[in-house]
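Visitor: here is my input; please provide its structure:
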Amino acid sequence: MDYTYLDCLAIFGVGGAHPGGLKLTKQVLSKEKLDERKSILDVGCGTGQTSAYLAEQFKCKVTSLDYNKIMLEKAKNRFQSLGLPIEVKYGKAENLPFGDTWFDFILSESVTSFTEIPLAIHEYKRVLKPGGVLLAIEMVLEKPLKQDEVKTIKQFYGVSQLLTEKEWASYFKEAGFEKINIEKFKHALKEPEVENAVDFSLSEDISEDLFDILEKHEKLTKGYEDALGYRLFRCNV
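Guide: Alright, predicted model coming up:
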């Protein structure tokens, strides 16, 4: 079987795989006015680490969505074990299974990069309430790369584009977001701190091919740490 990078994350059940990990998530969310009256969509929720934190810390109404069934099953198990009333939905960011003006917040933690980006961003705008907020932690291209290098990165991660900060901002503006704040972080795509970020929900019978994928990911991360960074995009409707 030809496994992808996302298959690897799902089978290992990696939580906090996004840049900055759970530590950054906590930092970002601490600045927002979240309480039991707010509804939030965790798009591409993975194993549900962030969703669980949202529900426990802020008591808000959380909906967790992912297109990977292995990830969703692990998220459900997490929520059940913690007794959290989180709604779990199967679906794609490009075609969200919700009506218009549904959520107060949307959180995308290194998710939108793996979608058809313009479609996903328009969907975020559609389902946010007036005054709603999109919080997106996404990979950015810090400096130009050779064509073969771009191809290698895109093929390995399964992304269609590597965007600069300016290109991301253009997509948000085109979708109708009115105010876009961008925060740059000091460190590039380095491995998150273990105590703050990564947890695992392992599947059975893990193929050795998956360890090869993790090794290649580590090599790419180190090899392109000056070229690939990340930003927090805070976008208001």
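
Visitor: other SSEs contacting the strand of greatest length in the chain?
Guide: Taking DSSP state E as the criterion, the chain has its longest strand at strand 128-141. In this structure, strand 128-141 makes packing contacts with helix 21-29, strand 103-109, helix 165-175, strand 228-236, judged by 3 or more Cβ pairs under 8 Å, 6 or more residues apart in numbering; DSSP states H and E. Heads up, the C-betas are built off the backbone N, CA and C, glycines and all.

Visitor: list the buried ones in it?
Guide: Going by neighbour count (16 or more other Cβ atoms under 10 Å), the buried part of strand 128-141 is 128, 132-141.

Visitor: same question for stretch 158-178.
Guide: By 16+ other Cβ under 10 Å, the buried positions in stretch 158-178 come out as 159, 162-163, 165, 168-169, 171-172, 175, 177.

Visitor: could you export it as PDB, CA atoms only?
Guide: Provided in PDB are the C-alpha atoms of stretch 158-178 (Å, rounded to 0.1, in the frame of the first residue of the first chain):
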ATOM      1  CA  GLY A 158       0.000  16.200  -0.800                       C
ATOM      2  CA  VAL A 159      -0.600  19.900  -1.000                       C
ATOM      3  CA  SER A 160      -1.500  21.700  -4.200                       C
ATOM      4  CA  GLN A 161       0.200  25.000  -3.500                       C
ATOM      5  CA  LEU A 162       3.000  26.500  -1.400                       C
ATOM      6  CA  LEU A 163       1.800  30.000  -0.600                       C
ATOM      7  CA  THR A 164       3.600  33.100   0.600                       C
ATOM      8  CA  GLU A 165       2.100  35.300   3.400                       C
ATOM      9  CA  LYS A 166       0.900  37.700   0.700                       C
ATOM     10  CA  GLU A 167      -0.800  35.000  -1.300                       C
ATOM     11  CA  TRP A 168      -2.600  33.700   1.700                       C
ATOM     12  CA  ALA A 169      -3.800  37.200   2.600                       C
ATOM     13  CA  SER A 170      -5.100  37.600  -1.000                       C
ATOM     14  CA  TYR A 171      -7.200  34.400  -0.800                       C
ATOM     15  CA  PHE A 172      -8.700  35.600   2.500                       C
ATOM     16  CA  LYS A 173      -9.500  39.000   1.000                       C
ATOM     17  CA  GLU A 174     -11.000  37.500  -2.100                       C
ATOM     18  CA  ALA A 175     -13.300  35.300   0.000                       C
ATOM     19  CA  GLY A 176     -14.700  38.400   1.700                       C
ATOM     20  CA  PHE A 177     -12.900  38.500   5.000                       C
ATOM     21  CA  GLU A 178     -12.700  42.200   6.000                       C
END
